[in-house]
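Enquirer: coords please:
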Amino acid sequence: MISGKQKRAAIMARRQARRERAKIACLRAPALVPPPPPPRGSLPVDVSQLAPHNSYGSGLPRLAQHGYYVDQWYACVDCGKHEVWTAAQQKWWYETAKGYIDSIAIRCKPCRVTRRSGHTVSKKNNDNNNKGINAS
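Expert: Sure thing, here's the model as predicted:
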């Protein structure tokens, strides 16, 4: 049976030995490997140009953590056509137009134009079509 003082001394000695081993392991650690080059067709993210946002996370949006924009495929929610949101379009949306950083493309160009023009009747107000009311 050992005393509490002896137990405490043994615990402290183990902790000190562990710290020493960790320090030696850090000194022997290999040099940091540089990140892989960005994919072809990608554009760099200028974080200073992004619109401010309220975030409790890492502070950077998901797209800025990679450091570059890449082409993304999406399906239009209106017509179902598959489109590509190019890196140049993303850069314009996020940095020039100051779009919300968590937004993504969901409509193709023709559907966006049609939606903005107000010539379509939304599915919710389809009963107004018979009355000659144009929902916007």
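
Enquirer: other SSEs contacting the longest helix seen in the chain?
Expert: Across the chain, the longest stretch assigned as helix under DSSP state H is helix 4-27. Under the contact criterion of 3 or more Cβ pairs under 8 Å, 6 or more residues apart in numbering; DSSP states H and E, helix 4-27 touches no helix or strand at all. Quick note: C-beta positions are derived from backbone N, CA and C, even for glycine.

Enquirer: next structured bit after it?
Expert: strand 43-44 (DSSP states H and E).

Enquirer: now do that next one: distance to the chain's middle.
Expert: 14 Å (Cα atoms, centre = their mean, to the nearest Å).

Enquirer: buried residues in the next helix-or-strand element following it?
Expert: As assigned by DSSP H and E, the chain's next helix or strand after strand 43-44 is helix 62-66. Residues of helix 62-66 classed as buried by neighbour count (16 or more other Cβ atoms under 10 Å): 63-64.

Enquirer: quickly run through the sheet partners of the helix or strand following helix 62-66, with directions.
Expert: Note on helix 62-66: by DSSP H and E, the next helix or strand toward the C-terminus is strand 68-69. Using DSSP bridges, the strands paired with strand 68-69 are strand 43-44 (antiparallel).

Enquirer: need the contact partners of the strand it pairs with.
Expert: For strand 43-44, the external contacting residues (Cβ atoms under 8 Å, 6 or more residues apart in numbering) are 38, 67-69, 87-88, 90-91.

Enquirer: so which of those residues is the closest to Ser103?
Expert: Ser103 lies nearest to Gln90 out of those, by Cβ to Cβ, at 10.2 Å.
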